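Asker: Return a 3D structure for these sequence lines:
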Amino acid sequence: MPRGAARAVAVLVCGLCLAGAAARGGGLYWTDFWGKTLWRADLDGSNVSKIRTARESTYPHSLTIDPARGWMYWTSELTGRIWRARLDGSGVELFLVTPDRPRGICVDTVRGYLYWVEPIAGAVARTPIEPAPTREVVVGALVFPVAIAVDPHEGRIYWVDRGTDLVQRARLDGTAVETVVANAQALTSGVALDLVNRRLYWADERPNTVYRANLDGSDPHTVLRSDSINAVGMAIDTLNGRLYWTNHAFPFQAVQRADLDGTNVETVMPNLRDPQGIAIDSATAKVYWVDASWEIIQRADLDGTNAEDLLSHSRVGWGHALDLRGGRMYWFEIDARDVWRIRGANLDGSDTRDVVPIASGFTTFMAIDSAGGRLYWTSSSYFSGSIFRVNMDGSGVEMLADSDQDSPRGIALDAANQRMYWANDHYGYHASLLVANLDGAQPKVIGDVIVYCQSESLAIDRRLGLLFRCLWRENRAVIQRVRLATLEFTDVVTSDSERYVAVDPVHEMIYWGARDGIRRATYDGAMQELVVPDVRTDGALAIDPRDPGDFDANAVVGLEDFAEFQTCFTGTMGPAIASACMFFDAPPADHDLDLEDFAAFWGAWVGRR
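Answerer: Take a look at the predicted model:
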């Protein structure tokens, strides 16, 4: 719909007639740290929805690839599952659930079958790749099989049984089982086939040795022995005649390679943590491997260059905050290597972006100065910590406070008065409340230092000059109200579970996470009620309390809000901040400002005035 002054006048008349039109309400946001999710509900607890889910881990262990069909497969020994994804890591899907803890996986690319071993069941199993996976045990009565390889051309499978110190083989259907290598050592862990030269390789964890023999077991001999090598996964690069392995020997964890006779050992990818499964795609000159401790799958060129993560995971951190003016939310996210970052998205979870790719330290809580365009956060360990801020675009990271004795926790901003409040833990036993300028200058302690107490989150109603903080005191959880003008401290809620508190300044309510869900009460702790039952809130809460007229989110619908609406409605707002105008797009949102949106705004503006 075209915008202009004539339209604004016409809609003003309509708006006066529809002043009672329904208004858009706010929302309640919370973090489920262990569930790795961000959630939202209406302020009355209705319409609960998941708006952000971090990438779940599949706990990879063993690995194989099917280049012809474009898939990689891996076992999750921890969960008893087999997963697959495209070779670039996309399209992750659960392939098969097994009754055991599968290890050692390989693919018969000719016939389209997947094989693996089940140590607890003492079995070799397989499934067709298409049309649907169906587990079939082909070899049973084993003791503790740990690794497997397939020769699709001769139609045989080879496996290592650590329980009997044997390397054995059978036909693909499990018949004609025979021992290839007896006394293969008690800690044999890996097996690989050189199908060009018709040789078998296997590795033993003690005495850190790699052996080879002909495929029938004849001519066995040592090709590599070193105290710094413990090969747990093995693969052959047939085109270039190289043996690759994952080295699990501490502190040399790496992907390594050598010529097939064991000479010219090279480290391809150093500084791994728990390397396990490995696979080679000779046609594309790529090596794939699992770092099980980080729970990731990686690949690189055969010489180790161009390394990339194909499969990783993340979890949502404790803290998050809302930029109501910009219509964005921000949260902490931790990747597979325990690297923290701050990410942002629209309030519905769309348009996710990194703000600070690597946030310093163990980040806990955050707060936003919407007018100043800055995001603040605390970073703390048990005995020390810092306070940082950054521009919304991720530039200009500043450290505002730093301590080697105190851990800053909750943080709240009074941007109008240029003040920043935060809670400190002193060695986990003393709790204090501090205030400073927004740039960290002139810090001072306000109120008494509480002994044998821990601080958690803060929330502020700057219009009424009230600050709320969560404390752990004498094994009890307390929400404390602070009148900032007089520094009067009052306990308003006491129970056994609160750690995170948020303020709804429009309706003068506090919300907090409890054992049975999310609860709320008035500012004096009265009228307590369970709003969102049976949800886990082991992370921060945030409130969008606005009526549809409160554009600047100061809990007061005033002339400045009317001016902002007029700017949006007449189309004079620039494209850089045009998305902020969608705040006035009353539900059901149609991504346009029309008569209904003006009516909703006018009803709220007149009503609040």
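Asker: Quick check, pLDDT for residue 359.
Answerer: Residue 359 carries a pLDDT value of 58.
Asker: do the one 5 residues further on as well
Answerer: Reading off the per-residue confidence, residue 364 sits at a pLDDT of 79.
Asker: Look up the closest residue to it, ignoring the ones flanking it.
Answerer: With Cβ to Cβ, 6 or more residues apart in numbering as the criterion, residue 364 has its nearest non-adjacent residue at 5.1 Å, and that residue is residue 378. In short, each C-beta sits where N, CA and C put it, glycine included.
Asker: number of nearby residues for that neighbour?
Answerer: When neighbours are counted by other Cβ atoms under 10 Å, residue 378 registers 27.
Asker: What values do phi and psi take at it?
Answerer: Recorded main-chain torsions at residue 378 are phi -100, psi 140, according to degrees, to the nearest 10.
Asker: Who are the contact partners of it?
Answerer: The neighbours of residue 378, taking Cβ atoms under 8 Å, 6 or more residues apart in numbering as the test, are 319, 363-366, 385-388, 408-411, 422.
Asker: Out of those, name the ones that lie in strands.
Answerer: Secondary structure defined by DSSP state E assigns 319, 363-366, 385-388, 408-411, 422 of the contacts of residue 378 to strands.
Asker: CSV please, covering those and showing neighbour count and distance to residue 466.
Answerer: Rendered in CSV, the data for these read as follows (neighbours: other Cβ atoms under 10 Å; distance: Cβ to Cβ, whole Å):
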residue, neighbour count, distance to residue 466
319, 26, 21
363, 24, 26
364, 23, 22
365, 29, 18
366, 25, 20
385, 26, 25
386, 20, 27
387, 24, 22
388, 24, 26
408, 26, 21
409, 25, 19
410, 28, 15
411, 24, 16
422, 28, 16
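Asker: With respect to per-residue confidence, which of these is lowest?
Answerer: When these are sorted by pLDDT, the bottom entry is residue 363 at 74.
Asker: pLDDT weak spots in the stretch 251-400 of the chain?
Answerer: 358-361, 381-383 (pLDDT under 70).
Asker: Against residue 98, how distant is residue 249?
Answerer: As for residue 249, its distance to residue 98 is 30 Å (criterion: Cβ to Cβ, to the nearest Å).
Asker: same check, this time on residue 289
Answerer: With distances taken as Cβ to Cβ, residue 289 is found 22 Å from residue 98.
Asker: Looking at these two, which has the bigger crowd around it?
Answerer: Neighbour comparison, residue 289 and residue 98: the larger count goes to residue 289, with 29 against 19 (by other Cβ under 10 Å).
Asker: Just list the residues touching that one, thanks.
Answerer: With contacts defined as Cβ under 8 Å, 6+ apart, the neighbours of residue 289 are 63, 233, 246, 255, 269, 272, 275-279, 297-299.
Asker: Would you mind listing the two of the residues you listed that lie farthest apart?
Answerer: Longest distance between any two of these is 15.4 Å, between 272 and 279; criterion Cβ to Cβ.
Asker: Which residue of the two possesses the greater neighbour count?
Answerer: Remark: of residue 272 and residue 279, residue 279 carries more neighbours, 26 against 22, as counted by other Cβ under 10 Å.
Asker: Name whatever forms a beta bridge with that one.
Answerer: On the basis of DSSP bridges, residue 279 is bridged to residue 288.
Asker: my guess is residue 200 meets residue 215, correct?
Answerer: Yes: with the criterion set as Cβ atoms under 8 Å, residue 200 and residue 215 qualify as a contacting pair; they are 5.4 Å apart.
Asker: shared neighbours of the two, anything?
Answerer: By Cβ under 8 Å, 6+ apart, residue 200 and residue 215 have these common neighbours: 158, 180, 193.
Asker: quick one: low-confidence parts of the stretch 51-200 of the chain?
Answerer: Counting by pLDDT under 70, the low-confidence segments of the stretch 51-200 of the chain come to 54-56, 185-188.
Asker: which stretches of it form strands?
Answerer: Remark: strands of the stretch 51-200 of the chain, listed N- to C-terminal, are 63-66, 71-76, 81-86, 93-97, 103-108, 113-118, 123-128, 136-139, 145-151, 156-161, 166-171, 178-181, 188-194, 199-204; assignment by DSSP state E, counting those that start in this stretch.
Asker: Can you give me the buried ones in the third one?
Answerer: Neighbour counts over strand 81-86 (16 or more other Cβ atoms under 10 Å) mark 81, 82, 83, 84, 85 as buried.
Asker: How about the last one?
Answerer: Neighbour counts over strand 199-204 (16+ other Cβ under 10 Å) mark 199, 200, 201, 202, 203, 204 as buried.
Asker: Can you dump the C-alpha atoms of it in CSV for me?
Answerer: What follows is strand 199-204, C-alpha atoms only, in CSV (Å, rounded to 0.1, in the frame of the first residue of the first chain):
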residue,chain,number,x,y,z
ARG,A,199,47.1,-56.8,1.9
LEU,A,200,45.6,-56.5,5.3
TYR,A,201,46.7,-53.9,7.9
TRP,A,202,45.9,-54.0,11.6
ALA,A,203,47.1,-52.0,14.6
ASP,A,204,47.8,-52.9,18.2
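Asker: can you give me the angle that strand makes with strand 166-171?
Answerer: Counting by axes from the mean of the first three to the mean of the last three Cα atoms, to 10 degrees, strand 199-204 points 140 degrees away from the direction of strand 166-171.
Asker: helices or strands up against strand 199-204?
Answerer: Under the contact criterion of 3 or more Cβ pairs under 8 Å, 6 or more residues apart in numbering; DSSP states H and E, the helices and strands touching strand 199-204 comprise strand 178-181, strand 188-194, strand 209-214, strand 231-237.
Asker: what's the last one in contact with?
Answerer: So that's strand 231-237. For strand 231-237, using Cβ under 8 Å, 6+ apart, the contacting residues are 62-63, 189-195, 201-203, 205, 210, 242-248, 257, 260, 275-280, 282, 287, 289-290, 302.
Asker: what sits against the closest residue in space to residue 272 that isn't next to it in sequence?
Answerer: Using Cβ to Cβ, 6+ apart and skipping the chain neighbours, the partner closest in space to residue 272 is residue 253 (4.4 Å). Residues touching residue 253, when contacts are defined by Cβ under 8 Å, 6+ apart, comprise 247, 271, 272, 273, 274, 275.
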